[in-house]
Structure formats: C-alpha cells, structure tokens
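[1] Sequence and predicted structure are below.
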Amino acid sequence: FEITLPSLHYRISQSVSSHTQDLIFTLDHDLRLISINQVGWQMIGYPLDALIGRPLQQLVPDRTWPRIVTLLEDLRLGQSIQPFELELIRQDAELICLEVSAHVMVEHADRATIHCIARNLTERRWLEQQLITAKRLSAIGQLVAADANELNNPLMSISGYAQLLLENQTLDGQARRDIAQIDLQATRAARIVQSLLLLAHERPPERNRLALNELLQSTLALQEHQLRKDQITVILDLTPQLPDVIADAHQLQQVFFNLITNAHYAISMGGRPGTITLRTGVRDAPDGD
C-alpha cells in the first residue's frame, strides 16, 4: 500500500508525542496551532480544544513576540535557526520558559508547517536566578564584611546623637517624631549590616543562645525591598517573650532566608500580589516540656 507524507508524519509524531516529556506542537502558515501533544496542553493549562486553531501570538507575551515571529519567518524562508527561548502564558497567567527546536515540514507543494519540540526551562531559569541572587548577596556580604566597622561606626553615631537629641525636653512633637525616626532607621540599617555579615561568613557551626524573633526579622530585612517591589505583603505574627533557642545563627538564618525566598518565588510565578505570613510560637513537647 501507499502512505502519503502527511499521514506518515502524523503517525510518527503521535508515537513520539506519547513517549516524551517534551512539549511538541505544529504551526500552520499563519502561525496557528494545528496540533499539540498531551504534555503540551497540560503544561500550558488549557484544554486541547481551546488551543487547536489558536494563534501562537495569543500565548506569547507582547514584549517577546516580534523576536519570535522574526525567527519563525526566517525559518520559513529557508534559513537555519538555532534553538531559541520561547515564553508562553499559561491559562492561569503564569509564564513558562521553553527551549524550542523548530524545523519546516513540507507536506504539499503549497503547504508547509513548522514543527517544534520544546523543553521546559522554567525551573532551571529560576534556579539560575537564585544562584545569581546568592552570588550577588555573597559579594555584597563580603564587601560589608571587609568594612563592617566603617559602616557600623557612623550608623551607631547617628543613632547615639539622635538619642541625645531626644533627651531635649524643649523639642516640639514633630521634631521629636522625626528624630525618633532617624534613630529607628539607623538602628535598622545596622541590623541589616549584621545580617549580611551572618550570610557572608563561612565558619564552623557555633551553638549559641538565640532570640528567634529577632533573627527572623533581621533575615526579612534583607528581602523586604524586593518583596515590596513585587507587591507581596508580609504579615508578622510573632509570639512575644518567645523562649531563646540554642542553635547556629548563620545556619538558622539560611533556613529562614530560603523559606522566605521559596514563598516569594511561588507567589511571583502566579504573576499577582500575595501575602507571606511569618509566625512564631511555642508548642509543648510530647513529654510535657
């Protein structure tokens, strides 16, 4: 019997699609989706019938579409293109990052389609970003460590002079509030410097008596600006007079830092504002302690 090229290609692609974790899709000459494997439509979050016939442009962020359409046009004109990165917008508005290999398949003299195999890079890109952030924080921490006294001395001087000014009973209410704010922010800056020092230093574990609430707040201060920038609200629900614990401050701060970072990532991937709640408390041990 005779198998035409279109049906042969369909059977091969169906066989490959059912045995891969990659996203496989086909575009017609108008760059509309004419096929996509189960991994693909599940990854994008749409039902299959909502994707077939849909223009690829509707799934791509506007800022990246000009680059993508140029690459695909070059491919159709016979130019060879390297694998490229493609961002797609899921149904829940979350972005996924793909590495796409594409080629043209001529099924009839007047009909050519673009066949794409894409690998999900979203997790890898996030890990790369975390590594960059960690290196940046390490570099900042090392810089701070080199001149810690140079930073702490003026900060403590500012705080000290502010406290002296607050002893002046002739200050009016507004001036007193302004100076109190100077003292508060100088103290906060000194705490951030100390937190950076903890993150930057590599040293053998040291078990000391720690106030968890203070350690948690100083860790949060390192990420406060970025959280606010990403429209993430932080709620502190800290039990007062929390008993001290015996632990290594550096290692415990790394744990807190990673937990806040993971929560930050989970909210950011949703593409919308969110809330992180940091809560401390006391729980009785099984023996009643």
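    Looks like it came in fine.

[2] Ala190: which element?
    For Ala190, the host element (DSSP states H and E) is helix 173-200.

[3] what stretches of the stretch 101-250 of the chain score poorly on pLDDT?
    107-110, 137-149, 194-204 (pLDDT under 70).

[4] for the helix holding Ala190, packing partners?
    If contacts are counted by 3 or more CB pairs under 8 Å, 6 or more residues apart in numbering; DSSP states H and E, helix 173-200 sits against helix 122-146, helix 148-166, helix 212-229, helix 249-269. For glycine as for every other residue, the C-beta is placed from the backbone atoms N, C-alpha and C.

[5] ok, then the element right after it?
    Downstream of helix 173-200 (by DSSP H and E), the next one is strand 208-210.

[6] Can you list the buried residues in that following strand?
    Residues Leu210 are the ones in strand 208-210 that count as buried (16 or more other CB atoms under 10 Å).

[7] Show me what it is packed against.
    strand 245-247, helix 249-269.

[8] what does the last one contact?
    Right, helix 249-269. 94-95, 126, 130, 133, 195, 198-199, 201, 203, 205-206, 208, 210, 212, 215-216, 218-220, 222-223, 226-227, 230, 232, 273-274, 276, 278 (CB atoms under 8 Å, 6 or more residues apart in numbering).

[9] remind me, longest strand of the chain?
    Using DSSP state E to define each element, the chain has its longest strand at strand 95-108.

[10] hmm, back to that, for Glu150, which of the helices and strands packed on strand 208-210 is the nearest?
    Among the helices and strands packed on strand 208-210, the nearest to Glu150 by CB to CB is helix 249-269 (22.1 Å).

[11] Report the backbone C-alpha coordinates of that closest one in CSV.
    Extracted C-alpha coordinates of helix 249-269, given in CSV (Å, rounded to 0.1, in the frame of the first residue of the first chain):
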residue,chain,number,x,y,z
ALA,A,249,22.6,31.8,63.9
HIS,A,250,24.2,31.5,60.5
GLN,A,251,22.6,28.2,59.6
LEU,A,252,19.2,29.1,61.0
GLN,A,253,19.3,32.4,59.1
GLN,A,254,20.0,30.5,55.9
VAL,A,255,16.9,28.3,56.6
PHE,A,256,14.7,31.4,57.2
PHE,A,257,16.2,33.1,54.1
ASN,A,258,15.4,30.1,51.9
LEU,A,259,11.9,29.7,53.2
ILE,A,260,11.1,33.3,52.5
THR,A,261,12.7,33.1,49.1
ASN,A,262,10.7,30.0,48.2
ALA,A,263,7.4,31.7,49.2
HIS,A,264,8.4,34.8,47.2
TYR,A,265,9.0,32.6,44.1
ALA,A,266,5.7,30.7,44.5
ILE,A,267,3.8,34.0,44.6
SER,A,268,5.8,35.7,41.8
MET,A,269,5.2,32.7,39.5
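
[12] and the residue nearest to Leu31 when sequence neighbours are not counted, what does it touch?
    Once flanking residues are discounted, Leu31 sits nearest to Leu56: 4.9 Å by CB to CB, 6 or more residues apart in numbering. Leu56 makes contact with 27, 31-33, 68 under the criterion CB under 8 Å, 6+ apart.

[13] rerun that using 10 Å as the cut-off
    By CB atoms under 10 Å, 6 or more residues apart in numbering, the contact list for Leu56 reads 25, 27-28, 30-33, 65, 68-69, 72, 86, 88, 114, 116.

[14] picking up where we left off before, show me which of the contacts of helix 249-269 are buried.
    By neighbour count, with 16+ other CB under 10 Å, the contacts of helix 249-269 hold 94, 195, 198-199, 210, 212, 215-216, 218-220, 222-223, 227, 232, 276, 278 as buried.

[15] The residue nearest to Arg191 when sequence neighbours are not counted and Ile235, how far apart?
    Excluding its sequence neighbours, the residue lying closest to Arg191 (CB to CB, 6+ apart) is Ser218, at 5.1 Å. Computed with CB to CB, to the nearest Å, the distance linking Ser218 and Ile235 is 17 Å.
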